[in-house]
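Novice: pasting the sequence and the predicted model now:
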Amino acid sequence: AARSVSHPIVCGHGEDARERPADRPTDRSSVRTRPSAPRTVLLPSLPPTCSEMDTAASTQTVESVKGRGEEGVEGENKEKNAAVRRSGKDSGGIPKSRARKRKARPLAQPLKGSGSYAEMLSEYKNKGHCGAKEIFESTEAVEQKVKMLAKYIRDSKHVVVYTGAGISTAAGIPDFRGPKGIWTCEKKGVAPPVGAAWDETKPTFTHFAINLLYKKKYVHALISQNVDGLHLRSGFPRDRLSELHGNMFMEKCERCQYEYLRSNPINSVGLKLTGSRCTQTRTATGRPVGCRGRLRDTTLDWEDVLPEPDFSRANEHSQKATLAITLGTSLQINPAGLMPLESLKNPDGKLVIVNLQTTPHDKKATLVIHTYVDRVMKGLLKELGLSTKEATEER
């Protein structure tokens, strides 16, 4: 029988946790189809299927969500969504009464630097442990551990990769809890890093390497906390990717759940209305009818529930994993930080952590590597007999 995850569902950006009320019903009864004449611009590097999900997923019911600062919300959920976000030692999440008083900070100007994303999030004090010392292992130690990782991958039946902000720093996007991370600077009272412009960022070597490992059937699923959209832009298939905290470049129809991937970032977070309408068509009474559903941004704020079907897909693959590999995440956010531990419940299950800083789960891990993720991925491709040139040919 399938094993259910006992830990609470949490969500967030980077690693904190906030409770999220759920009270906006959505209609997913329509099956999504390809647009005949879309009004939006899709990123040219993406495969045609990255903006649509399978039919089975499109017929599922998404838990209701409440947006803030928008038009009134229709109806109210009878059941409280179990998805709450918490971090560090905060075991109870944010009380609902406090969460409702919390307001997202308005953004007066369009997004520029990728670091400005944090400015749109609601205020929240408990951001976990920030500014921990970075550890760099010797070249010999890293090479030996990469060989072990390659062996684990060859011997595993179901490999799941979990990614955090650390894999995107090479693209010019600041992390959150590193020595110069956004939350670290905030805690110190200094100006946070601006970061590269969102629309100028490109996938890193690690992004392309993960995609290549998937194509070669070494990796079976990818679960990410990142909202930068770089996994999709590297060519990773949407139906094998779970973006637990959303995507700064994506809008989603609240009626038919169709996803629109834009070439420019959406200027809001918290599942707010963007002012656009869905251009998809659906069949009603035997004839095609325009959906015209309202579009919302997909990037979560502290109080938002994790999206479907991404959460269910991540949960399913985590339970099946015989090898979990975490790259560039401090594992302080749940359930993203707890999902990799599911692999240890399976016979011969293993957990590998690659991060410059220590994590709460290092002692439980089968293998811990302290160095840059790009360095690990280059060595891993070599050990598996794959060309680094092949990984970056889509750059």
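Specialist: Happy to help now that I have it. Residues are numbered from 1 along each chain as shown.
Novice: okay, now the sheet partners of the strand or helix carrying Val352, with direction.
Specialist: Element membership of Val352 [criterion: DSSP states H and E] is strand 350-354. When pairing is defined by DSSP bridges, strand 350-354 lines up against strand 323-327 (parallel), strand 367-369 (parallel).
Novice: same list, these, but as CSV with mean neighbour count and mean pLDDT please.
Specialist: Where C-beta positions appear, they are placed from N, C-alpha and C, glycine not excepted. Formatted as CSV, the strands paired with strand 350-354 follow (neighbours: other CB atoms under 10 Å; pLDDT from 0 to 100):
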stretch, mean neighbour count, mean pLDDT
strand 323-327, 27, 98
strand 367-369, 20, 98
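Novice: residues contacting Cys278?
Specialist: Cys253, Arg255, Cys256, Tyr258, Gly290, Cys291, Arg292, Gly293, Arg294, Leu295 (CB atoms under 8 Å, 6 or more residues apart in numbering).
Novice: now render the strands paired with strand 350-354 as JSON lines, adding distance to Glu243.
Specialist: Below are those laid out as JSON lines (distance: least, CB to CB, whole Å):
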{"stretch": "strand 323-327", "distance to Glu243": "15"}
{"stretch": "strand 367-369", "distance to Glu243": "25"}
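Novice: which residue ranges of the chain form helices?
Specialist: 55-58, 96-101, 139-155, 182-188, 205-215, 230-233, 310-320, 373-383, 388-391 (DSSP state H).
Novice: is Leu344 in contact with Lys363, as I believe?
Specialist: No - between Leu344 and Lys363 there is no contact under CB atoms under 8 Å: 11.8 Å.
Novice: please say which of those two ends up with more neighbours.
Specialist: Relative neighbour count places Leu344 above the other of Leu344 and Lys363, with 16 against 8, counting by other CB atoms under 10 Å.
Novice: ok, and the closest non-adjacent residue to that one?
Specialist: Leu351 (5.8 Å; CB to CB, 6 or more residues apart in numbering).
Novice: per-residue confidence at the one you found?
Specialist: The model reports Leu351 with a pLDDT of 98.
Novice: that one: how many residues sit nearby?
Specialist: Residues near Leu351, counting by other CB under 10 Å, number 23.
Novice: distance check, it against Asp175.
Specialist: 21 Å (CB to CB, to the nearest Å).
Novice: surely Cys253 and Asp297 touch.
Specialist: No - with contacts counted by CB under 8 Å, Cys253 stays clear of Asp297, the gap being 12.0 Å.
Novice: got any ranges where this protein has weak pLDDT?
Specialist: 1-112, 283-286, 393-395 (pLDDT under 70).
Novice: switch the cut-off to 50
Specialist: Scanning the chain for pLDDT under 50 picks out 1-109.
Novice: could I get the full set of strands for it?
Specialist: Counting by DSSP state E, the segments of the chain that form strands are 86-87, 159-163, 221-224, 241-243, 250-253, 259-261, 273-277, 281-284, 287-290, 294-297, 323-327, 333-334, 350-354, 367-369.
Novice: so for Leu306, which of those sits nearest?
Specialist: Closest of the strands of the chain to Leu306 is strand 241-243, at 9.1 Å (criterion: CB to CB).
Novice: quick one: list the elements packing against that closest one.
Specialist: strand 221-224, helix 230-233, helix 310-320 (3 or more CB pairs under 8 Å, 6 or more residues apart in numbering; DSSP states H and E).
Novice: neighbours of the residue nearest to Trp183 when sequence neighbours are not counted, just the number please.
Specialist: Spatially, and ignoring its direct neighbours in sequence, Trp183 is nearest to Lys127 (4.3 Å; CB to CB, 6+ apart). Other residues within reach of Lys127 by the criterion other CB under 10 Å amount to 23.
Novice: equivalent analysis for the one 4 residues further on, please.
Specialist: Summarising burial for Gly131: neighbours were counted as other CB under 10 Å, giving 16.
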